[in-house]
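Peer 1: When you get a sec, could you give me coordinates for this:
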Amino acid sequence: MPSPSATGPEPSLTAPATDPTVLPTHEPAAADLAMLATRTASDLLTPAPPARLDAVVPAPEQVEADPTATFVLTGDTAIRVTAHPGARAVAEHLAALLRPVTGFPLPVADSVDVAPTGDLTLTLAHTPATPAPARPPTTLGAEGYRLDVTSTEVRIAAETAAGLFHGVQTLRQLLPAAVESPTPVAARWALPGGSIVDRPRFAYRGAMLDVARHFFAVEDVLRVIDHLARYKLNHLHLHLTDDQGWRIAVDSWPRLTTLGGTTEVGGGPGGHYTKTDYQKIIEYAAARHITVVPEIDLPGHTNSALVAYPELAPDKVAPPPYTGTEVGFSYVDPADERTYDFVADVLGELAALTPGPWLHIGGDEAFKVKGEVYTGFVERVQRIVAGLGKTVVGWHQVAPAAHVDGRVLQWWGTNGDDPTTGDAVRRGARLILSPGNHAYLDMKYAPDTPIGHDWAGLIDVRRAYDWDPGTHLTGVPAEAVLGVEAPLWTESVTSLAEIEYLLLPRLPAIAELGWSPQAAHDWAGFRERLAGHGPRWATAGITFHRTPEIPWPAVPAIPRQYEAPQLGPEIP
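Peer 2: Predicted coordinates for the structure are as follows:
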């Protein structure tokens, strides 16, 4: 690790704790959680006035509010959609989000030619984003959308299904926070009037989940995917292998999981994903327009592989299983041809399972493989990846190796002056930026944060938000930056609730850096917009950190028998 020491509706959002802002000590019953979510939504959030059209995270590119127009969703509303499989899937996703909480039937119809009033309309077409004659038309691109709300209709237009999906996430944020309840709520489902034109600044916007230090079940990964989708992130990087465990089945090397997958930090049972499990993750992500980026960390961070296959070790002796958190001590033998057979087999099977373009080869902290031996190993692995028809991604330590077409470096440094990475960019590399002192979500918020690290510093929400990916690295032009990614390493993280506690509320900050234009960057505005997401997370039963930086809404008085989540005092 870079540190020094299915399709269908979302899974049921059941809360991991009575107070979702506090790490839980036990798991309450699902029925209690559902009742709590319903009561929270009804008592705290209804009735509510329409949200402001500009209260969206990430901030849209253009917003034109019309305070005279409010659209109200009713039992007679239908969803009309372009007759296209991708658009239809987005429409069904929208219906699946809204039906349980509203109780409305929301039929989906494949016609938008003559849509009656009172409908939600999703249009997939080449639609100019700025049709005013004084400005040249600008297309919405691969992920952009236009959202128009009048008193009689809501219309989302995009050039791709991904754009429609992102428009649906914006629509979701404009509805009352009660929309996040997993059970029905009686509410006025009002949307504010006006228009939004929106598209991303960077093509790559992601988060990383380390499932090697601690293993997380498929259902937990799917829940993380849903969090990414809410904020228009489009890549999930899975750190699948490390010293503490090997998490992906490889048919040609079966002991990688039967032996190497049975450990984790602290001595827990570990675990691994079967190919069916991995396919479920891939498909669930794809339905939310998220690309999975799998990582096999090489040549270091390989103790779990050496436990399973000692012939890969430099001394050909199996090391003991490792459940600690130190780094840099293990490596596969770069001088043995058997090592490259292993790499080719593993990456070949993984490439066949992964429809996305990326294969991440790690490359970090291989302290015992130095100089030309290291660069020679990386160059050979890069050629293996290219031969599989994939684009190689590696941590920025692979920068000195020769360039291959399309190569991407993931930069996790803490000093923006990095001549070696700058040289790799001049030779053609593109960058994903994950600065350790801004984007590493396993860092503590404050000295008293109960989990996490502080080697890269403390990262509160403002620190996560206040940097510019386009200018962060000295001498690297913005056009060389493919995007941003927020990694979450899990040495100290053992549960879904702890994942969520570290992700939220910092993940939306990274998402806004990746999506919104730099001109929209404004901490004061962001913290106000983000505050409105506390009630949404509480209603959905999502654990989050109630940082004092954010003016979370106050909780109105609740009858004694109700045990509502406490979002904190009102901040004037």
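Peer 1: in stretch 446-461, what's buried?
Peer 2: Neighbour counts over stretch 446-461 (16 or more other C-beta atoms under 10 Å) mark 449, 451-453, 456, 459-461 as buried. Heads up, the C-betas are built off the backbone N, CA and C, glycines and all.
Peer 1: Leaving out sequence neighbours, find the closest residue to residue 510.
Peer 2: In space, and not counting its chain neighbours, residue 510 is closest to residue 486: 4.2 Å by C-beta to C-beta, 6 or more residues apart in numbering.
Peer 1: Other residues contacting the helix or strand containing the one you found?
Peer 2: Using DSSP states H and E, residue 486 sits within strand 481-488. The contact list for strand 481-488, computed with C-beta atoms under 8 Å, 6 or more residues apart in numbering, reads 2, 202-210, 235, 237, 239, 408, 410, 412, 430-434, 439-442, 464, 469-470, 499, 502-503, 506-507, 510, 513-514.
Peer 1: Three-state assignment for the residue lying farthest from the centre of the chain, please.
Peer 2: Distance from the C-alpha centroid of the chain, by C-alpha atoms, centre = their mean, peaks at residue 315 (39.6 Å). Three-state call for residue 315 (DSSP: H, G, I helix; E, B strand; the rest coil): coil.
Peer 1: Next, it: phi, psi?
Peer 2: Backbone torsions for residue 315, taken as degrees, to the nearest 10, come to phi -100, psi 0.
Peer 1: For the protein, which residues score under the pLDDT cut-off?
Peer 2: 1-22, 24-49, 112-117, 126-138, 555-572 (pLDDT under 70).
Peer 1: Need phi/psi at the most centrally placed residue in the chain.
Peer 2: Centroid-nearest residue in the chain: residue 228, 3.3 Å away (criterion: C-alpha atoms, centre = their mean). Main-chain dihedrals, residue 228, degrees, to the nearest 10: phi -60, psi -40.
Peer 1: Wait, it touches residue 237, no?
Peer 2: No: Residue 228 is beyond contact range of residue 237, at 10.5 Å (criterion: C-beta atoms under 8 Å).
Peer 1: tell me, what's touching those two both at once?
Peer 2: With C-beta under 8 Å, 6+ apart as the test, residue 228 and residue 237 both reach 206-207.
Peer 1: what separates the residue nearest to the centre of the chain from residue 162, distance-wise?
Peer 2: Counting by C-beta to C-beta, to the nearest Å, the gap from residue 228 to residue 162 is 13 Å.
Peer 1: same check, this time on residue 89
Peer 2: 11 Å.
Peer 1: between the two, who's got more neighbours?
Peer 2: Between residue 89 and residue 162, counting by other C-beta atoms under 10 Å, residue 162 is the more crowded of the two (22 against 18).
Peer 1: ok, the more buried one to residue 229 distance?
Peer 2: Going from residue 162 to residue 229 by C-beta to C-beta gives 11 Å.
Peer 1: Which residues are in contact with each of those two?
Peer 2: residue 289.
Peer 1: Residue 73 touches residue 95, doesn't it?
Peer 2: No: Residue 73 lies out of contact with residue 95 (C-beta under 8 Å); the separation is 11.6 Å.
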